[in-house]
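Trainee: Could you look at this predicted model? Sequence included:
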Amino acid sequence: MIAPAVSTIGAGLSGLALGLSLKSKGISGKIYDLAPGIPRFNYGITLHASTYRPLLGLLKMDEATFRKETAVDGARGEPVIWKDRTHLVKFERGLGFKTRCLAGCDGINSSVSRSLMHKVDADVHPFVAFSGRRRVPTDVFVKVFGQSMAENVMIVHHNGAARLEITISDMTSEYVILGYIYSRQTRSQGSTKDPLHTPLRPSPGAKLTPPALYDEIEALGNLPQPFNTIFHAESMRNDRLLHWLLRSRRPQIDHSKQLADRGAFIIGDAAHGAPLLGGEGANMAITDGIDLAEHIAKRGVDTAAGFSNSKYESWIKFVDESVQRLRDMHNPGGRRH
């Protein structure tokens, strides 16, 4: 098959922002993504105005409409084999293509990065985090949550070292989907390990909820409403829960050089992983996609080294600030909720 000018692996935020921006500049491209079905878990994200405003012209949408109607989700990409600055991309079903311009936008576990150089592990930070979802009838939402969330899509409560968060993920005339997160720093003491902190667990372990979590929720006692309704052990047993590992990965100059030498552009979480809490990775992912399209339009597709060098310092700052926000969120005297 004939390769497009820019082949993008991953249809998450960075990949879609890149593709849309390239199209607006008349540069051909194609996005490849593995999406086995509708994801069981979806999440709300917070976008800064400085991030989404450059997209409005591309989307042909005014700001009011964007703020009212836009929702996004993401997926993951596929393996790559590199040879002689031409990338041979192979998919599980035997399909493939060759391309001279490859953009890896496939997340913190990037198959593109792993295929082009040795694996770079992310740092797992000493925090416990569990995310859940619950559907609440609209009349119940108004009665229980209405006063607290009438003007806020997110509310936060601190109970000792624990941080409790409730967000509105979706709303219809019949029901409201609420997302919630229980998080805290680890409590390991000496040889006694925190039963809720398993940094070496495999990916499928994200769907396994340790019984100790429910014991810990019960020990919180009588929380103020509406937190008492959401963070109720027996109710949580019926919810969809995910055990998050709060990871980050700082860009390394030698790794960036290896990828650039192979002619690959790596952006978004594939280039600079930030924790799910406090990371604001969605904003940086969109910015990366727009910036890369501008770079390619001005300098061509054989300038990966120049792009990574221009972004390196800002990526380092982004990851470091994200980790600090995570710490502040769990510090009662910190600067952020």
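Mentor: Now that the structure is in, tell me what you want to look at.
Trainee: quick one: low-confidence parts of this protein?
Mentor: Where the chain drops to pLDDT under 70, the residues are 1-4, 35-52, 66-97, 118-120, 189-191, 332-337.
Trainee: Point out the other helices and strands that the helix ranked longest in it packs with.
Mentor: When the chain is parsed with DSSP state H, its longest helix is helix 304-329. Judged by 3 or more CB pairs under 8 Å, 6 or more residues apart in numbering; DSSP states H and E, helix 304-329 is in contact with strand 247-248, helix 253-261, strand 264-266, helix 281-299. Heads up, the C-betas are built off the backbone N, CA and C, glycines and all.
Trainee: the inter-axis angle of it versus helix 253-261?
Mentor: Relative orientation of helix 304-329 versus helix 253-261 (axes from the mean of the first three to the mean of the last three CA atoms, to 10 degrees): 140 degrees.
Trainee: For helix 304-329, list every residue counted as buried.
Mentor: Neighbour-count burial for helix 304-329 flags 304, 307-308, 311-312, 315, 318-319, 322-323, 325-327, 329 (criterion: 16 or more other CB atoms under 10 Å).
Trainee: ok now it, how far from the chain's centre?
Mentor: With CA atoms, centre = their mean, to the nearest Å as the basis, helix 304-329 stands 15 Å off its chain's centre.
Trainee: Repeat that for stretch 206-215.
Mentor: With CA atoms, centre = their mean, you get 22 Å for stretch 206-215.
Trainee: And it, what's buried?
Mentor: By neighbour count with 16+ other CB under 10 Å, stretch 206-215 contains the buried residues 206, 209-210, 213.
Trainee: could those residues be laid out in JSON lines, adding secondary structure and distance to residue 133?
Mentor: Shown next, in JSON lines, are these (DSSP: H, G, I helix; E, B strand; the rest coil; distance: CB to CB, whole Å):
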{"residue": "206", "secondary structure": "helix", "distance to residue 133": "14"}
{"residue": "209", "secondary structure": "coil", "distance to residue 133": "13"}
{"residue": "210", "secondary structure": "coil", "distance to residue 133": "19"}
{"residue": "213", "secondary structure": "helix", "distance to residue 133": "15"}
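Trainee: And those residues, which is closest to residue 155?
Mentor: Distance to residue 155 across the buried residues of stretch 206-215 (CB to CB) is lowest for residue 213, with 21.0 Å.
Trainee: and the gap between that closest one and residue 106?
Mentor: For residue 213, the distance to residue 106 (CB to CB, to the nearest Å) stands at 30 Å.
Trainee: likewise residue 296?
Mentor: With CB to CB as the criterion, residue 296 and residue 106 are 18 Å apart.
Trainee: These two: who's more crowded?
Mentor: Using other CB atoms under 10 Å, the more surrounded residue of residue 296 and residue 106 is residue 106, with 32 against 25.
Trainee: Am I right that residue 16 falls within a helix?
Mentor: Yes. Residue 16: assigned to a helix according to DSSP: H, G, I helix; E, B strand; the rest coil.
Trainee: Distance check, it against residue 283.
Mentor: Counting by CB to CB, the gap from residue 16 to residue 283 is 14 Å.
Trainee: Which one's more surrounded, these two?
Mentor: Comparing residue 16 with residue 283 by other CB under 10 Å, the one with more neighbours is residue 16, at 21 against 18.
Trainee: pretty sure the more buried one is touching residue 288, no?
Mentor: No. Using CB atoms under 8 Å, residue 16 makes no contact with residue 288, being 11.5 Å away.
Trainee: and residue 295, what is it in contact with?
Mentor: 303, 306-307, 310 (CB atoms under 8 Å, 6 or more residues apart in numbering).
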